Structure formats: C-alpha cells, structure tokens
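In: what would the 3D arrangement of this be:
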Amino acid sequence: MSDNAIKIFTGNSHPELAKLVAKRIGIDLAKAVVMKYSNQETSVTVGESVRDEDVFIIQSGCGEINDNLMELLILINACKTASARRITAVIPCFPYARQDKKDKSRAPITAKLTANMLTVAGANHVITMDLHASQIQGFFNIPVDNLYCEPSMIKYIRTKIPDWKNAIIVSPDAGGAKRATSIADRLELDFALIHKERKRANEVSRMVLVGDVKGKIAILVDDMADTCGTLGLAAKTLMENGAVKVYAIVAHGILSGKAIKVINESVIEKLVVTNTIPHQDKMDICPKLDVIDISPTLAEAIRRTHNGESVSYLFSHAPE
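Out: Numbers count the residues shown, from 1 in each chain. I've put the predicted structure just below:
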C-alpha cells in the first residue's frame, strides 16, 4: 500500500539541480528514461510505480527550450495516466516568460499558451522562481508558488562582497526598480536607477544614471541576464560616474550569444547568477562568473508542499 511518498523526476534540462534537491530532501531521484528517437520525437519511460504518490518533476526552461518543455509535458502526462495523486511541475526558470503580454499587434502571449499546456498535460501545482512578470501566475487555473532568489542574493551580498556596507543597489532599468528597492531596504543601503534611452528597438543609445554612486561599490540587480549588453553598458556608466567597483547579481543567467565575451571584456568585478540554469561549461571560460545554489530553497518548498505547510517563509528567508 502506498504511503504517499515524495517522488522526484527530472528531464534532461538540469539533472544536476534535481540531484542536489533530492540529496537535500534525503531521497534518490525516481527512475525515468527521457530520450529522443532518431526522428527527434521525445520518448519517456517512467521506471517505477507512482500510483497514489506525490510527484515532483524538476525541469528548467533553458538550453533546448522546446525539447525540454516537451519532455516536461510528457513526463507530467505519463505520471497522470499512471495514477499519481498529485503532480507538481518544478520549473526554476519558466520558459517563454518574456512573452507575457500583447506588446504589439498580432503578438502571441506564449507564456499563457505554456500555462495552458502544463495544465492540460495534468499538472496540479507549479513551483517556479523569479517569474519575469508575476502576473504569469494569473495565467494558470491551478496553484502557482513563485519563489524568490532575493533572500539568497542578500545572503551572498552580506557574506561574499567585501565592504558591502559601502555599497549602493542599482537597477539597470525602470522595470527592475521594485526588486532593487526591496533588496536595498532589507540591506539598509541606498538605491540608484539607470534610465535607458533607445534610438531603435534593441539598441540602447545612452544610459542616464539617477542617483549618486561616487566612491561606492555598485551592485546591479536584475531578474535575468541574456546577452548581457545592458549589464555591460550599465557597469561602464557606473564606473564613469565614480563607482569604485561594479558587481552584478541576476536570478537567471541565460548568457546566450556573446554574453560571456561581453562580461569578460566589461568592468564588472563579478557576475553572480543562480543555478536555475546550468553554468558549468560557462564557468570554465568566464572567471568572473559566480553561482548561488538555490537547491535548498526548492527542496524546502517541495518538503513544505508535501507536508501541507506554508511556503511563505521562503519569500523572505534563505534556508541554511
């Protein structure tokens, strides 16, 4: 007879994170084979019984995003048809999160489509981290826990940045002002903002700093770093305005295209990212890259969800 145990599955997007989460909870990853046929179809074989069990599937939106999303949908559906009691999709970096609104005519709202697919596949609950836009939670008709990297970022600043009390928190754009002010308030530090002026789309003509960074350590805070063009230009602007050093801390380090080259050539002292996305290969070629492990937060969210406890504690505290 089932004791409604936790079963953690993973696809191929970020197995290292899934292993860290399982180890933290004190269990082994459940057996599943996720592969591709020669015609590129995704094949999933669940290798153990999930009947009446509490299933958590960890799969991040990174790398081959479409393949990884398909793996997640098929894993969810396989567990649903195998009579799992509850299926929670743990998606550290939510795919298509930037396509969350109709910002021009005939633009698709792909984040809503992704939410629909997860629900139709059979997910009963979603756990994710630092959604690009928190209204994405409203695209679902099932519970969504949007956890924050903020407590882990604050812990990193306090323990790893020398002389952090002489720092100023900077948002590289107006959109991230709320996140940056929240961190600045909790650390009792000042806050500055960079305003981007664009000549045309995707091309920043100049940046205007609002605030005084002279003689201070500037800490840029953002939710994601993709090509890192904005971060590189923001760091240059801060140094030109008298900052002593520039650090950048972001929740999701996508680091695509020329990102590593931009960071290596920039004045940024360290780019700090979380492991919602795997970075081992990039760390080998970018000495400025540092990674915060968020597996304790995910593991604690899974444990609390399984035991029917509140996860609100995790919004303000990083598990030890």
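In: got the domain boundaries for the protein?
Out: Following automatic domain parsing, the chain resolves into domains at 6-148+295-315, 150-292.
In: for residue 129, which residues make a bridge with it?
Out: Beta-bridge partners for residue 129, by DSSP bridges, are residue 147.
In: show the pLDDT at it.
Out: Residue 129 is assigned 96 on the pLDDT scale.
In: what do you get for residue 201?
Out: On the pLDDT scale, residue 201 is placed at 57.
In: reformat the domains of the chain as a markdown table; add mean neighbour count.
Out: (Glycine included, C-beta is placed from N, CA and C.) As requested, those are exported to a markdown table (neighbours: other C-beta atoms under 10 Å):
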| stretch | mean neighbour count |
| --- | --- |
| domain 6-148+295-315 | 18 |
| domain 150-292 | 18 |
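In: weakest of those in terms of mean pLDDT?
Out: Taking the mean pLDDT of those, domain 150-292 comes last: a mean of 92.
In: endpoints of that domain, how far apart?
Out: With C-alpha to C-alpha, to the nearest Å applied, domain 150-292 spans 11 Å between its terminal residues.
In: now do stretch 221-241
Out: When the termini of stretch 221-241 are compared using C-alpha to C-alpha, they are 18 Å apart.
In: run the chain-centre distance for the biggest strand by length in the chain.
Out: Criterion DSSP state E: the longest strand present in the chain is strand 190-200. Relative to its parent chain, strand 190-200 has a centroid offset of 23 Å by C-alpha atoms, centre = their mean, to the nearest Å.
In: give me the residues contacting it.
Out: Outside strand 190-200, the residues that touch it by C-beta atoms under 8 Å, 6 or more residues apart in numbering are 168-174, 177, 180-181, 184, 204-213, 216, 218, 230, 234, 237-238.
In: got it, and stretch 5-13?
Out: Contacts for stretch 5-13 (C-beta under 8 Å, 6+ apart): 18-19, 21-22, 25, 27, 29-30, 32, 34, 46, 48, 50, 53-64, 67-68, 71-72, 75, 79, 84, 302-303, 306.
In: and residue 37, how far from residue 139?
Out: For residue 37, the distance to residue 139 (C-beta to C-beta, to the nearest Å) stands at 31 Å.
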